[in-house]
Every structure is written in structure tokens, then in C-alpha cells.
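Visitor: How does the following fold in three dimensions:
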Amino acid sequence: MSWKKKWVKYFGTLEEKERFNTIKRASYAHGMIKAALYAREIGVSSISAIEFGVSTGGGLMAMERIARLIEDEYGIKVHVVGYDNGKGLPDPVDYKDHPEIWGKGDFVMFNKDQLLENVKDSEIVFGDVKDTAGEREGWYRSNPIAFISIDVDYYSSTMSCLEALKFHPDCYLPAVSMYFDDISFFTANRWCGELLAIDDFNAANEKRKIDIDRTLPGNRPYQNVGWYRNMYVGHILDHTLRSVEQ
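Guide: Predicted coordinates for the structure are as follows:
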């Protein structure tokens with residue numbers, strides 16, 4: 001670790017720590033901090049961060065820690081919500097679900113009881129995401145969605161998760177930071193998996209679009225980091241703040 005990175009790790013601002021990749025789950029840190037800064041800019045004080053695909057909870061616990069750092073430094077409240085069926089992956093539907101890699105029962109939440117005991121500042125919603133994603137729409141209108149992580153592996157499951165980008169415009173910030181976990185392996189392609197889901201979602205929705213995060217790498221000290229290519233932005237094109245008739 002360089003002397004500058006070490007200094008930033010212990011004494012830098014939260015933005016500096018994120019830029020120097022000193023926070024565990026750097027991709028989540030980037031997305032959540034970006035979301036909090038954007039919320040502050042447009043006068044929103046309470047936001048939601050979602051993880052689809054909790055599994056054993058490592059990501060969710062990291063989101064809790066990052067949420068506390070954000071509230072301490074920026075005064076923005078981040079509500080963390082995880083979605084998982086608790087049973088691992090279902091059967092793949094067809095080739096688009098990458099059955100060459102994943103199958104039924106992968107990523108089961110084997111530590112459910114322990115995880116629920118360890119969760120302090122977040123909530124886990126159990127069930128099939130196609131049934132549960134819309135249950136909190138009213139909540140999100142008061143605590144708009146600002147960050148979404150999708151780590152459900154399959155095309156079919158990802159399409160179900162993306163239903164959460166179809167709520168009322170008030171359920172979101174005008175732009176939502178997004179992380180897609182499963183797009184960078186050898187057999188990944190735009191005709192399967194999460195990459196196909198992004199393309200199909202964009203084709204089917206006129207005013208909700210997903211594009212790459214164009215702020216990366218920016219002027220960061222590390223220009224070639226793997227998770228950069230996993231970061232996207234969900235654009236709520238019918239949001240009030242994007243309208244000329246406000």
C-alpha cells in the first residue's frame with residue numbers, strides 16, 4: 001500500500017477513501033456514496049439501497065457499514081434492504097440463465113438464523129423477487145431508491161429484479177447507481193444473463209433506461225480496476241426533476 005493510500009485510509013474524507021479503494025466492497029461504496037452525494041445535491045435526506053441476492057449476507061453487512069459511514073459524514077440516512085428467497089438459485093429456465101455455470105440450489109442462505117441475528121440496520125425480504133419486489137413501493141416514495149445491486153446470476157431472475165425500476169417516478173432519485181455482479185466471466189455475453197437483461201429492459205421501457213456509469217474511472221489514481229465495468233446507472237427519464245414542466 002502506498003503511503004498516500006495509507007494516509008487516506010486513516011485520515012481521508014469518505015470520498016477520498018472511496019476513490020483510493022480503501023473501503024471493503026469498493027463497488028458498493030462507490031455506488032452508495034455517489035447516490036448519497038447526489039441525494040444531498042437535490043435536497044433528499046433519506047434514501048434506500050437495495051441488494052437483490054443476499055446469499056450468506058457478506059454484501060448486505062458491507063452495505064450496513066457503508067450506510068453508517070455515509071450518515072456520519074453527510075447526514076444522509078440510507079435504508080438498506082435485501083431481497084432473497086433463502087433457498088438458493090431455482091432451476092435455470094434455458095441457455096440464457098447460464099446453466100453451464102449455475103444450477104438449482106447454488107448460493108443457498110445456509111446461515112439464515114445467524115445472519116438475521118447479525119443484521120442491525122437493514123431488512124431482508126424473503127420470497128421470490130417477482131412477487132416481493134413491489135411490496136415496498138409506498139415506502140420507496142418517501143425513501144427513494146438510490147442504489148441497487150443485482151447479484152442473482154440468471155437472466156430470468158435479473159428480469160424479475162428489474163421490475164423494481166418500474167415503480168412511480170417518486171420512488172427513485174432521477175439517476176440510480178447500479179451494480180451488476182455477473183457480467184465479467186469468460187462465457188458472459190450480451191445474449192445471456194445480466195447483460196441480456198439490461199438490453200431487453202432498455203428495449204422494452206421508453207423512459208426507464210440503464211446505461212454504464214460514465215464517471216468511471218475519471219481522475220482516480222487507479223485507472224484499471226475490474227469492478228468499474230460492473231457499475232451502471234438507472235435513468236428515471238420521467239422523474240419530475242427531468243421534466244421541463246416542473
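Visitor: ok, Y222 - contacts?
Guide: Y222 makes contact with F20, N21, according to CB atoms under 8 Å, 6 or more residues apart in numbering. All C-beta spots, glycine's among them, are computed from the backbone N, C-alpha and C.
Visitor: So which bits of the worst-scoring helix or strand of the chain on mean pLDDT are buried?
Guide: The helix or strand of the chain with the poorest confidence is helix 129-132; it has a mean of 85 (mean pLDDT, DSSP states H and E). Residues of helix 129-132 classed as buried by neighbour count (16 or more other CB atoms under 10 Å): V129, T132.
Visitor: for stretch 163-181, same thing?
Guide: Residues of stretch 163-181 classed as buried: 164-165, 167, 169, 171-181 (neighbour count, 16+ other CB under 10 Å).
Visitor: What is the least confident helix or strand of the chain packed up against?
Guide: In this structure, helix 129-132 packs against helix 155-161, with contacts taken as 3 or more CB pairs under 8 Å, 6 or more residues apart in numbering; DSSP states H and E.
Visitor: next structured bit after the helix it packs on?
Guide: Counting by DSSP states H and E, the next helix or strand C-terminal to helix 155-161 is strand 172-180.
Visitor: Just the angle for the next helix-or-strand element following that next one relative to strand 172-180, thanks.
Guide: Moving toward the C-terminus from strand 172-180, the next helix or strand (DSSP H and E) is helix 193-204. If you take axes from the mean of the first three to the mean of the last three CA atoms, to 10 degrees, helix 193-204 sits at 150 degrees to strand 172-180.
Visitor: Helix 193-204 packs against which elements?
Guide: By 3+ CB pairs under 8 Å, 6+ apart, helix 193-204 packs against helix 155-161, strand 172-180, strand 208-212.
Visitor: Throw these into a markdown table and include mean pLDDT and distance to G105, thanks.
Guide: Formatted as a markdown table, these follow (pLDDT from 0 to 100; distance: least, CB to CB, whole Å):
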| stretch | mean pLDDT | distance to G105 |
| --- | --- | --- |
| helix 155-161 | 96 | 14 |
| strand 172-180 | 98 | 22 |
| strand 208-212 | 98 | 29 |
